[in-house]
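In: A structural model of the following input is requested.
(chains A and B)
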Amino acid sequence: MTPTVRISDVSKRYGRVQAVSNVSFDLGAGEMIALIGHNGAGKTTLMKLMLGLIRPTGGTIEVLGENPAAGQFAARRQLGYLPENVSFDAALSGREIQTFYARLKREPVDQALSLLEVVGLGHAAERRVGTYSKGMRQRLGLAQALIGQPRMLLLDEPTTGLDPELRQTFYEVIARLADDGTTVLLSSHALTELEGRAGRVIIMNRGVMVANGSIDELRRLARLPTRIRVRISDGGRIPDWLGSFTPSRRLNGHIVEIDAAPEQKIELLRRATADVDGIEDLDVMPPSLDELYAHFLKSAEASQ
Amino acid sequence: MSAIAIVAAKEIHQAVRNRWVLAATLLLAALALSLTFLGSAPTGDLGASRLDIVVVSLSSLTIFLIPLIALLISHDAIVGDLERGTMLLLLSYPVARWQVLLGKFLGHLAVLGFATSIGYGAAAAVLLASGTQISHDSLAAFIAMTGSSVLLGAVFVAVGYLVSTLVRDRGAAAGIAAGLWLVLVLIYDMALLGLLVMDQGQTITGGTLNALLLFNPTDVYRLLNLTGFANVSMFSGMAGLAGTTTLSTATLLSALALWIVLPLALAALAFSRREL
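Out: Next up is the predicted model:
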């Protein structure tokens, strides 16, 4: 199957600023990809390149089978985009704005308006956008991005300003779209909420792609230790076998935390579960996306 | 509906909602009506048709006011939307940049056309209602004046877009628009007059003068209205110039058309090259 997006050796320079350098990746149908990196890492530039809003200084981009900057709009009708800090004409109501964008995309207006209910804006549809809160504008931004069941969604910081309940709904909506084959690329700072949701993570640092893979793949690559906490039975002593696993630290009288290297992990668990009398409970905490992100950034900085 | 029409319709919708349409219409109507009632004082009721007087005074006023209104609504059109961030989202839709520009232009033109024809039309309607005799010639001159006022507005909307696509921020756009208004509406004519006085007819020929007049859209508009109709030019004090000028109505109209198309095309070009 051909990928939805194919980015080969793409670079973008703004005057003297190198925003993106030699980035290559493919995005497939039905994938949900998290694009992470600090501010200025090139996330927004990559999205603008995929939308054809700017042209690359080098390399080629193919989105839904065409060059997005070529001026052909067949692909754009199947794209949904939510810019960072989305804004709308303040004088118009949510309903009027949604109607306008549906018409531009040549999609049925009724269906587009029903999306306002999906994002929880039904009660405010007749109000002027000028009176909306930040969270409501963000919801309207989502509603317009979802017009016409797009085959590709580009969401730049989609969940900023959304309350936890709406975040949940938001991820449900895009998960449903991804199940139907939509490619979802989203950038975010909220790494914890991407964990378990994004099938793949692309990490950018200063315009360079420093990692690209599923969270499990990144964990293998990073070789970060898994944190394992064992709780020792009341009155028990710390078993001797535990001493061979380092580094470890005692959190209090009963709990010992071990940073287990990948090859130690299974061995440690086996010993712990075999020690029926000594060990009462244990917790396994694989490296979080936050830690992975920090690790890849650090190694990217170190190699420079 | 084509993408251009969709953008134009939204622009009109916004202008109505922002009360731009209402404000511009009321302003133009108020000025037209006051000129209609006060304007006949110096001439009395003898000889001059009252509508002709209105054409003369109203077209002089148009030269100041319509460019100002047009620049006010147009200088912000591109750079303002870019700064507010609404342009980024709009351009991610299946619409070309030139379509956005043309759609906005048509929308703004419709707003200006509505305000001008209703505002000025009110003056003519009041004269008709008060039982003033109006000849066909006078009515034709009035309609031509209203139409060319809209054209003059279109020129300055196009010029405002060009400014709006070239500058980096809204403040610069406002400053340049104000400067352009000053130059084209006030300074150009004064400078031209000074030049003619100094030159004493030595080197500047009628041809050069015509060319210089065509370089300023407000002068084209003035020539079109004050010399175009015999009944009007009599009272405008430009009958002499009207007799000697070699610029035909067709030339003047094409000059205005060029003043619309050229800045608009340049604006489209500049916009298409702009980095977002």
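In: Run a quick neighbour tally on B:Leu184.
Out: 21 (other Cβ atoms under 10 Å in any protein chain shown). All C-beta atoms are positioned from the backbone trio N, CA, C, and that covers glycine.
In: right, and it touches B:Pro67 too?
Out: Yes - here B:Leu184 reaches B:Pro67: they are 6.8 Å apart, a contact under Cβ atoms under 8 Å.
In: Need the overlap of contacts for the two.
Out: Taking Cβ atoms under 8 Å, 6 or more residues apart in numbering or on different chains as the contact rule, B:Leu184 and B:Pro67 both touch B:Thr218.
In: Quick check: pLDDT value at B:Gly47.
Out: B:Gly47 carries a pLDDT score of 53 in this model.
In: typo on my end, B:Phe235
Out: Per-residue confidence (pLDDT) for B:Phe235: 61.
In: can you check A:Thr169 too?
Out: On the pLDDT scale, A:Thr169 is placed at 86.
In: if I look at it, how far off is chain B?
Out: Per Cβ to the nearest Cβ, to the nearest Å, A:Thr169 is found 22 Å from chain B.
In: residues contacting that residue?
Out: Per Cβ under 8 Å, 6+ apart, neighbours of A:Thr169: A:Val118, A:Val119, A:Gly120.
In: can you tell me which residues contact the second one?
Out: So the one you mean is A:Val119. With contacts defined as Cβ under 8 Å, 6+ apart, the neighbours of A:Val119 are A:Arg139, A:Leu140, A:Leu142, A:Ala143, A:Leu146, A:Leu166, A:Thr169, A:Phe170, A:Val173.
In: cool, the first one as well?
Out: A:Val118 makes contact with A:Ala143, A:Leu146, A:Thr169, A:Val173, according to Cβ under 8 Å, 6+ apart.
In: How about A:Ile232?
Out: Taking Cβ under 8 Å, 6+ apart, we find A:Ile232 in contact with A:Ile238, A:Pro239, A:His254, A:Ile255, A:Val256, A:Gly278, A:Ile279, A:Glu280.
In: Show me which residues of the stretch 101-250 of chain A are close to chain B?
Out: Neighbours of chain B within the stretch 101-250 of chain A, by Cβ under 8 Å from any Cβ of the partner chain: A:Tyr101, A:Arg103, A:Leu104, A:Lys105, A:Arg106, A:Gly141, A:Gln144.
In: tell me the SS of the nearest residue to B:Leu91 once chain neighbours are set aside?
Out: Distance criterion Cβ to Cβ, 6 or more residues apart in numbering or on different chains; nearest residue to B:Leu91, sequence neighbours excluded, is A:Leu53 at 5.8 Å. The three-state assignment at A:Leu53 reads coil, by DSSP: H, G, I helix; E, B strand; the rest coil.
In: ok and the residue in chain B nearest chain A?
Out: Nearest residue of chain B to chain A: B:Pro94, at 3.5 Å (Cβ to the nearest Cβ).
In: what about that residue, neighbour count?
Out: B:Pro94: 17 neighbours (other Cβ under 10 Å).
In: what's the average pLDDT for the host helix or strand of A:Tyr293?
Out: Taking DSSP states H and E as the criterion, A:Tyr293 maps to helix A:289-303. Helix A:289-303 carries an average pLDDT of 86.
In: what do you get for stretch B:10-22?
Out: On average, stretch B:10-22 scores 93.
In: next one: stretch A:77-94
Out: Stretch A:77-94 shows a mean pLDDT of 92.
In: again with stretch A:46-58
Out: Rounded mean pLDDT across stretch A:46-58 is 92.
In: List the buried residues of that stretch.
Out: A:Leu46, A:Met47, A:Lys48, A:Leu49, A:Met50, A:Leu51, A:Gly52, A:Leu53, A:Ile54, A:Pro56 (16 or more other Cβ atoms under 10 Å in any protein chain shown).
In: I'd like to know how far the last one sits from A:Ala211.
Out: To tie it back to what came earlier, the one meant is A:Pro56. Per Cβ to Cβ, to the nearest Å, A:Pro56 is found 21 Å from A:Ala211.
In: now do A:Gln264
Out: Distance of A:Gln264 to A:Ala211, given as Cβ to Cβ: 24 Å.
In: Show me which of those two is the more surrounded one.
Out: Shown here are A:Gln264 and A:Ala211; by other Cβ under 10 Å, A:Ala211 has more neighbours (21 against 17).
In: now that one, which residues is it bridged with?
Out: A:Ile203 (DSSP bridges).
In: quick one: pLDDT of the closest residue to chain B within the stretch 1-150 of chain A?
Out: With Cβ to the nearest Cβ, the shortest gap between the stretch 1-150 of chain A and chain B falls at A:Phe73, namely 3.5 Å. pLDDT for A:Phe73: 82.
In: quick one: the strands in chain A?
Out: Per DSSP state E, chain A carries strands over the ranges A:5-14, A:17-27, A:32-36, A:58-63, A:79-82, A:152-156, A:183-187, A:200-205, A:208-213, A:226-232, A:248-250, A:255-260, A:279-285.
In: any idea which of those strands scores lowest on pLDDT?
Out: Looking at the strands of chain A, the lowest mean pLDDT belongs to strand A:248-250 (a mean of 81).
In: Report all helices and strands that the helix or strand hosting B:Ala29 contacts.
Out: Using DSSP H and E, B:Ala29 maps to helix B:20-38. Here helix B:20-38 touches helix B:3-17, helix B:50-74, helix B:97-129, going by 3 or more Cβ pairs under 8 Å, 6 or more residues apart in numbering or on different chains; DSSP states H and E.
In: Now with 10 Å, please.
Out: Applying 3 or more Cβ pairs under 10 Å, 6 or more residues apart in numbering or on different chains; DSSP states H and E, we find helix B:20-38 packed against helix B:3-17, helix B:50-74, helix B:97-129, helix B:136-166.
In: Going by neighbour count, list what's buried in it.
Out: B:Trp20, B:Val21, B:Ala24, B:Thr25, B:Leu28, B:Ala29, B:Leu31, B:Ala32, B:Leu33, B:Leu35, B:Thr36.
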